[in-house]
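A.B. asks: below is the structure, and that's it, no one-letter string:
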Ligand SMILES: C[S@@+](CC[C@H](N)C(=O)[O-])C[C@H]1O[C@@H](n2cnc3c(N)ncnc32)[C@H](O)[C@@H]1O
């Protein structure tokens with residue numbers, strides 16, 4: 001257990017297969033933690049930066065806000081948020097401690113440590129009180145969660161009334177031909193690059209399969225409404241390879 005990273009919850013999954021998925025996800029990100037940021041740049045050819053900046057543009061961070069960045073990993077969203085609103089604060093929560101450890105080292109190097117809190121926790125059972133945060137973000141995290149509905153209802157619970165939820169996730173291309181081409185790239189190239197750069201084909205094979213299984217834009221918008229969010233909207237990024245969803249707790 002590393003100093004300054006709080007462990008506040010335990011994982012108690014209801015069924016064996018759920019336990020398997022959570023264990024698999026935890027193993028994948030423990031394996032890739034030290035190479036995660038570099039791999040992100042290589043695999044996406046830097047495009048994840050454009051998508052995360054689009055998230056910040058839509059979110060328009062303001063000083064004084066308290067953000068919960070769920071599945072926040074190495075803190076990429078947190079740093080972007082603080083860059084735009086230096087007098088805000090961010091709690092980064094993730095179930096993989098080694099990802100948070102990498103992030104905390106980056107925060108110390110950037111002299112941002114006093115604005116950040118790093119918490120080990122599960123999106124499906126958050127270790128926070130009701131109505132605690134102004135904003136909840138989750139970037140490339142929700143598709144890894146075993147019970148997405150539970151994570152969305154937890155997001156709703158911890159947001160204060162008037163608070164906003166924003167999700168950045170891989171999505172579906174509306175055009176079947178483009179989806180076919182993209183699938184060829186992701187199913188063939190990404191696991192091969194994972195093997196070449198990180199000597200870890202399986203983790204990257206899991207990542208591309210999880211992208212394919214995630215609900216499309218309209219289905220996910222419906223899930224947000226079911227969890228209680230209002231004024232739900234989405235924007236496609238790179239023609240739908242990824243999408244941003246926004247919703248409010250009124
Ligand atoms: C692809 S990384 C995304 C990291 C960061 N948000 C970004 O955009 O670069 C996915 C993260 O989700 C975390 N994660 C997956 N399932 C989770 C859960 N149920 N609760 C908390 N974190 C989870 C993983 O540990 C991992 O750090």
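C.D. replies: Yep, it's here. As the structure is a computational prediction, the values presented were derived from the model and not from experiment.

A.B. asks: residue 38: neighbour count?
C.D. replies: 12 (other C-beta atoms under 10 Å). No exception for glycine: its C-beta is placed from N, CA and C like everyone else's.

A.B. asks: what count of nearby residues applies to residue 56?
C.D. replies: 17.

A.B. asks: with adjacent residues omitted, what lies nearest to it?
C.D. replies: residue 80 (5.1 Å; C-beta to C-beta, 6 or more residues apart in numbering).

A.B. asks: what do you get for residue 159?
C.D. replies: residue 249 (4.5 Å).

A.B. asks: pLDDT at the one you found, what is it?
C.D. replies: As predicted, residue 249 sits at a pLDDT of 98.

A.B. asks: could you look up the SS state of residue 86?
C.D. replies: coil (DSSP: H, G, I helix; E, B strand; the rest coil).

A.B. asks: quick one: contacts for it?
C.D. replies: Under the criterion of C-beta atoms under 8 Å, 6 or more residues apart in numbering, the neighbours of residue 86 are 63, 115.

A.B. asks: mind checking pLDDT for the residue of the chain most remote from its centre?
C.D. replies: Ranked by distance from the centre of the chain (C-alpha atoms, centre = their mean), the top residue is residue 177, with 27.8 Å. You'll see residue 177 listed with a pLDDT of 91.

A.B. asks: roughly how far apart are it and residue 75?
C.D. replies: Residue 177 sits 37 Å away from residue 75, going by C-beta to C-beta, to the nearest Å.

A.B. asks: do residue 198 as well
C.D. replies: For residue 198 relative to residue 75 (C-beta to C-beta), the value is 20 Å.

A.B. asks: neighbour count for these two, which is higher?
C.D. replies: Using other C-beta under 10 Å as the criterion, residue 198 and residue 75 rank with residue 75 on top: 27 against 19.

A.B. asks: grab the nearest non-local neighbour of that one.
C.D. replies: Closest residue to residue 75 apart from its sequence neighbours, by C-beta to C-beta, 6+ apart: residue 103 at 3.4 Å.

A.B. asks: and the helix or strand hosting that neighbour, what's buried?
C.D. replies: For residue 103, the host element (DSSP states H and E) is helix 97-109. Residues 97-104, 106-107 are the ones in helix 97-109 that count as buried (16 or more other C-beta atoms under 10 Å).
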